[in-house]
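Colleague: Structure for the following, please:
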Amino acid sequence: IHLEMNGKQETIINYTNQEMVDDENEYMVECFKVLLKLDLSKQPRCKSKVNFNFENSPSEKNKKKIALFDLDETLVHCTKDQKGLNGDSVNIKLPTNKVVNVGLNIRPHWKEALDLIKKHYHIVVYTASHQSYADAVLDYLDKENKYFQYRLYRNHCVQCDVDGIKFYVKDLDTLNEKYNLKDVVLIDNSVLSFAYHLNNGIPIVPYIEQKEDSQLLMLAYYLVSIANFDDLTEENKKHINIEHFILQVKNLENEEEEENDDENEGDGNNEDNNNNNKEEVKDNSKDNSAINENNNEVGNDNNENKENSIKKDMSKQSSVDSQKKRKKLSIRKSEKALRIAKDMQLN
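Modeller: Okay, here's the model as predicted:
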């Protein structure tokens with residue numbers, strides 16, 4: 001649902017992510033390719049600072065670590081259906097005061113996982129969603145404010161643009177200086193979200209409506225296992241290492257460029273061969289014409305038909321060969337790219 005706000009189009013409720021994550025491996029590779037082109041010096045940074053008063057709660061003040069959780073496709077998925085998989089739905093009050101009912105698919109094991117995580121971390125939601133939508137979902141999800149101590153919204157993100165592709169980045173510079181970023185992790189289904197702080201990021205498989213999903217439990221075990229280390233970014237680099245996968249995609253793109261160059265060179269050679277063959281056909285045709293100079297018109301027509309037939313066969317074969325090469329190259333590219341993403345997902 002889009003609304004005109006402050007002179008620009010704003011997305012209030014997002015139903016479109018289903019198409020983006022139909023193939024999460026392909027989606028992840030495309031995100032890596034965008035990150036490769038991202039020039040941080042030309043992108044905006046978050047200027048506002050947020051301050052969490054964790055110290056006000058006796059049960060929280062002894063914790064140092066902070067876990068920032070994305071909302072959509074990480075904890076929940078919003079659906080146009082009136083009810084989600086388990087009958088969950090929520091009313092969203094739009095800035096125009098219109099109320100819209102949406103179905104909600106809530107990720108399995110979320111409470112169990114967050115119960116484990118909150119023993120070691122302050123838990124904060126950091127979403128690029130509009131506040132009116134996010135608050136309604138979180139009020140429904142965490143009615144007693146038991147899990148999420150603070151909420152950060154779209155206004156705490158920065159919008160980047162890479163070759164016309166616009167996306168929100170969760171800039172951890174928005175945190176007050178007293179919070180050491182070595183103590184902060186950001187969990188999100190899109191690696192684009194932590195483009196400015198790759199080693200703080202923990203990617204999670206996008207959630208739509210997978211009934212057997214156990215991603216949050218695996219995440220909880222990982223977070224608990226690293227909770228006592230001094231530098232969470234070093235642990236993430238050791239175990240996840242997003243930079244390594246971005247480098248793999250960069251190498252893949254270089255290989256693709258070389259293969260494209262080879263293919264173009266091969267097509268050029270084929271064209272030269274075809275031209276040579278055409279010249280031979282012409283020469284043969286001239287010879288035949290001289291030999292059969294006194295032949296009747298029917299003979300000449302036959303020679304011309306043969307020449308046209310040879311040209312057609314050669315052109316057809318060249319086209320088939322070129323298509324086979326392109327198809328083979330496309331399959332090879334796809335297999336390599338998806339293998340990189342699958343390795344990342346298994347990690």
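
Colleague: Could you please name the strands the longest strand anywhere in the chain pairs with and the direction of each pair?
Modeller: What stands out as the longest strand in the chain, according to DSSP state E, is strand 99-106. Next to strand 99-106 in the sheet, as set by DSSP bridges, lie strand 76-79 (antiparallel), strand 89-93 (antiparallel).

Colleague: I'd like the mean pLDDT over whichever helix or strand comes after it, please.
Modeller: Later in the chain than strand 99-106, the nearest helix or strand by DSSP states H and E is helix 110-117. Mean per-residue pLDDT for helix 110-117: 97.

Colleague: Angles on the backbone of Lys166, please.
Modeller: phi -100, psi 140 (degrees, to the nearest 10).

Colleague: I meant Tyr27, not that one.
Modeller: phi -60, psi -40.

Colleague: about what we covered before: which residues sit against the longest strand of the chain?
Modeller: 1, 13, 75-86, 88-94, 137, 140-141, 207-209 (C-beta atoms under 8 Å, 6 or more residues apart in numbering). Backbone N, C-alpha and C define where each C-beta goes, glycine included.

Colleague: Got a ChimeraX select line for the buried ones in those?
Modeller: Buried members of the contacts of strand 99-106, defined by 16 or more other C-beta atoms under 10 Å, are picked up in ChimeraX with:
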select :13,75,76,77,78,79,84,85,88,90,92,137,141,207,208
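
Colleague: number of nearby residues for Glu177?
Modeller: For Glu177, the neighbour count with other C-beta atoms under 10 Å is 9.

Colleague: Report the contact partners of the closest residue in space to it that isn't next to it in sequence.
Modeller: Nearest non-adjacent residue to Glu177, counting by C-beta to C-beta, 6 or more residues apart in numbering: Lys49, 7.8 Å away. Counting by C-beta under 8 Å, 6+ apart, Lys49 touches 174-177.

Colleague: And the pLDDT for Lys49?
Modeller: For Lys49, the predicted pLDDT is 87.

Colleague: quick one: low-confidence parts of the stretch 1-150 of the chain?
Modeller: Low-confidence regions of the stretch 1-150 of the chain, defined here as pLDDT under 70, cover residues 1-23, 58-59, 61.

Colleague: Show me where it has its helices.
Modeller: With helices called from DSSP state H, counting those that start in this stretch, the stretch 1-150 of the chain shows them at 17-20, 24-37, 110-117, 131-141.

Colleague: Distance to Leu104 for those helices - can I get that in JSON lines?
Modeller: As requested, the helices of the stretch 1-150 of the chain are arranged in JSON lines below (distance: least, C-beta to C-beta, whole Å):
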{"stretch": "helix 17-20", "distance to Leu104": "14"}
{"stretch": "helix 24-37", "distance to Leu104": "20"}
{"stretch": "helix 110-117", "distance to Leu104": "12"}
{"stretch": "helix 131-141", "distance to Leu104": "7"}
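
Colleague: For Tyr147, which of those helices is the nearest?
Modeller: helix 110-117 (4.8 Å; C-beta to C-beta).

Colleague: Measure how the closest one sits relative to helix 131-141, angle-wise.
Modeller: 90 degrees (axes from the mean of the first three to the mean of the last three C-alpha atoms, to 10 degrees).

Colleague: Return the set of buried residues in helix 110-117.
Modeller: Buried-residue list, helix 110-117, by 16+ other C-beta under 10 Å: 110, 113-114, 116-117.
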